[in-house]
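Chemist: kindly generate the corresponding structure for this input.
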Amino acid sequence: MSAVFNFTFVPWFRSVAPYIHMHRGKTFVVGIAGEAIAAGKLPAIAQDLALIQSMGVKIVLVHGFRPQVNEQLQAKGHEAKYSNGIRITDSVALDCAQEAAGQLRYEIEAAFSQGLPNTPMAGATVRVVSGNFITARPVGVIDGVDFKHSGVVRKLDVASISRNLDFGSMVLLSPFGFSPTGEAFNLTMEEVATSVATSLQADKLIFLTEVPGIRMRPGEPEAEDNPIDTELPLDVAEKLLSALPAAQTPQDTAFYLQHCVKACKSGVERSHILPFAVDGSLLLEVYVHDGIGTMVVDEKLESLREASVEDIGGILQLIEPLEKDGTLVKRSRTEIERDIAQYTVIEHDGVIFGCAALYPYPDARTGEMAALTVSANVQSQGDGERILKRIEQRARAIGLESLFVLTTRTMHWFIKRGFQPVEPDWLPEARLRKYNWDRRSQVLVKKLH
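Modeler: Okay, the predicted model is just below:
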């Protein structure tokens, strides 16, 4: 085995290990757009889901079938009809949906049965369980449009789903529900996945979709200065959603975002929008610090927010011990009061448990993250990472391309999170003039994609 492989594998595996521990025993609801299966991505997605389950995660898988139903309709010379982004399911469309669901369920179960040697599925035993877990009711008539056999979730058999998950099975749900009288209704994958996630109070709701996520400037095309916004706090996502037009197609920014917001407001802490076009996007989002898509996160329990003047006392109290032992450069109350708008804090029940400041250098398209501090009482709970992600988000929002830190004792923490050491001469001229050569702080830089 080559030394280069050892050098890259060992630190990589160590960086992934905390996420493996973090997610063990958690419940993920994963919604796969039918377009992913049509694009031939099912085998790779099945392998990644099997890997995630093997690391102790309980998984409910909900598949879509929009393109498959449309293909069946086209073969029968029947037009696909939609209103307000919802399919109008007449009797022909219902037959097509039932055929598509049966075929896809067969393909998905087959994909999880392939324990081929020399693949991630080797030695894996994935029991896939499906059944009539969903009771549905009709959408009815909206604005004069009769949606016929299109339905919405009325009730879920949460006890049966939970029991199967506890037995180690993966639960597979098609976007179909039945009324108490046995009438079948065509549902949407997005609504089923959201309903299941909220009913189970799942730890994550993940959509594998045809869109890469939510861009920093929604509605504008992909560009270097318009990257994917990797983390949206729930309040920010709600404001964005209220400003967007109603979604008509899956390509509309509001289409998946509305379900992520609904789930987070109903108790699901994190909801994700990921591109199925990127191989391994599930693994990258779940086990890598920066992720790859957009995560909407509910931070009500532990408020992550920009600081105000009322927080000055709490920030001083937090950073004082680290200033005394030399970990942080001393800052006066006057300095913190002057720069308070630059600070981000984590607060719980009125107590500041973490903080950091962002000092931009716009001419150099970079910014300094300073005074990153987390209370000793809550260390190793991920608060430092949450603050870092918010600072990165603030930096991207003002057009910065990189973030740098100066540290004497915590180099490895930053290196694990994507920072690279550079010489002090790299610093923007205005910051280099203030560099303390006696302190000999290490300079680390992270590019913001």
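Chemist: how much space separates Pro321 from Lys330?
Modeler: Remark: distance between Pro321 and Lys330 (C-beta to C-beta, to the nearest Å) = 12 Å. Heads up, the C-betas are built off the backbone N, CA and C, glycines and all.
Chemist: whoops, Thr89 was the one
Modeler: Thr89 sits 67 Å away from Lys330, going by C-beta to C-beta.
Chemist: kindly report the same for Val141.
Modeler: If you go by C-beta to C-beta, the gap between Val141 and Lys330 works out to 68 Å.
Chemist: Gly313: neighbour count?
Modeler: Residues lying near Gly313 (other C-beta atoms under 10 Å) number 12.
Chemist: contacts for the one helix or strand it maps to next, please.
Modeler: Using DSSP states H and E, Gly313 falls within helix 312-324. The list of residues contacting helix 312-324 from outside it, by C-beta atoms under 8 Å, 6 or more residues apart in numbering, reads 307, 328-331, 333, 336-337, 340, 343, 345, 347, 351-355, 371, 373, 375.
Chemist: stretch 82-91 now?
Modeler: Contacts with stretch 82-91, where a contact means C-beta under 8 Å, 6+ apart, come from 66, 69, 80-81, 93, 97, 139, 142-143, 145-150, 185-186, 188, 246-249, 252, 255.
Chemist: give the buried residues for that stretch.
Modeler: Across stretch 82-91, burial judged by 16 or more other C-beta atoms under 10 Å covers Ser83, Gly85, Ile86, Arg87, Ile88, Thr89, Asp90.
Chemist: biggest separation within these, which pair?
Modeler: The two members of the buried residues of stretch 82-91 with the most space between them (C-beta to C-beta) are Gly85 and Asp90, at 17.4 Å.
Chemist: any stretches of the stretch 301-449 of the chain with poor pLDDT?
Modeler: 301-302, 349, 377-381 (pLDDT under 70).
Chemist: hey, where'd the helices end up in it?
Modeler: With DSSP state H, counting those that start in this stretch as the criterion, the stretch 301-449 of the chain has helices at 312-324, 333-338, 383-397, 411-415, 429-432.
Chemist: would CSV of those helices with distance to Thr198 be doable?
Modeler: Listed next are those as CSV, based on distance: least, C-beta to C-beta, whole Å:
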stretch, distance to Thr198
helix 312-324, 34
helix 333-338, 41
helix 383-397, 23
helix 411-415, 35
helix 429-432, 46
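Chemist: just name the most buried of the ones you listed.
Modeler: helix 383-397 (a mean of 20; mean count of other C-beta atoms under 10 Å).
Chemist: so which residues make contact with it?
Modeler: In contact with helix 383-397 (C-beta under 8 Å, 6+ apart) are residues 216, 227, 229-231, 233, 289, 299, 302, 304, 344, 346, 353-356, 358, 360, 367, 369, 372, 374, 403, 413, 417, 446, 448.
Chemist: quick one, domains of this structure?
Modeler: As given by automatic domain parsing, the domain ranges for the chain are 3-297, 303-447.
Chemist: break down the stretch 101-250 of the chain into its strands, ranges please.
Modeler: Ranges of strands within the stretch 101-250 of the chain are 128-129, 134-138, 141-142, 145-146, 151-156, 170-173, 176-178, 184-186, 204-209, 231-233, based on DSSP state E, counting those that start in this stretch.
Chemist: circling back: so which of the helices of the stretch 301-449 of the chain gets nearest Trp12?
Modeler: Trp12 lies closest to helix 411-415 among these, at 12.2 Å (C-beta to C-beta).
Chemist: what does that closest one rub up against?
Modeler: With C-beta under 8 Å, 6+ apart, helix 411-415 has contacts from Gly384, Val405, Thr407, Pro421, Gln442, Leu444, Lys446.
Chemist: and the helices in the stretch 101-250 of the chain, which stretches?
Modeler: Counting by DSSP H, counting those that start in this stretch, one finds helices in the stretch 101-250 of the chain at the ranges 158-166, 189-200, 234-243.
Chemist: what's the longest strand in this structure?
Modeler: strand 351-361 (DSSP state E).
Chemist: starting at the chain centroid, how far to that strand?
Modeler: 23 Å (C-alpha atoms, centre = their mean, to the nearest Å).
Chemist: how about it: buried residues?
Modeler: Quick answer for strand 351-361 (16+ other C-beta under 10 Å): Ile352, Phe353, Gly354, Cys355, Ala356, Ala357, Leu358, Pro360, Tyr361.
Chemist: tell me the bridge partners for Val145.
Modeler: Counting by DSSP bridges, Val145 forms beta bridges with Ile142.
Chemist: who are the contact partners of it?
Modeler: By C-beta under 8 Å, 6+ apart, the residues touching Val145 are Ser83, Asn84, Ile88.
Chemist: how far does stretch 169-183 stretch from start to finish?
Modeler: Stretch 169-183 has an end-to-end distance of 28 Å (C-alpha to C-alpha, to the nearest Å).
Chemist: about what we covered before: highest average neighbour count across the strands of the stretch 101-250 of the chain?
Modeler: Using mean count of other C-beta under 10 Å, strand 204-209 ranks as the most buried of the strands of the stretch 101-250 of the chain, with a mean of 28.
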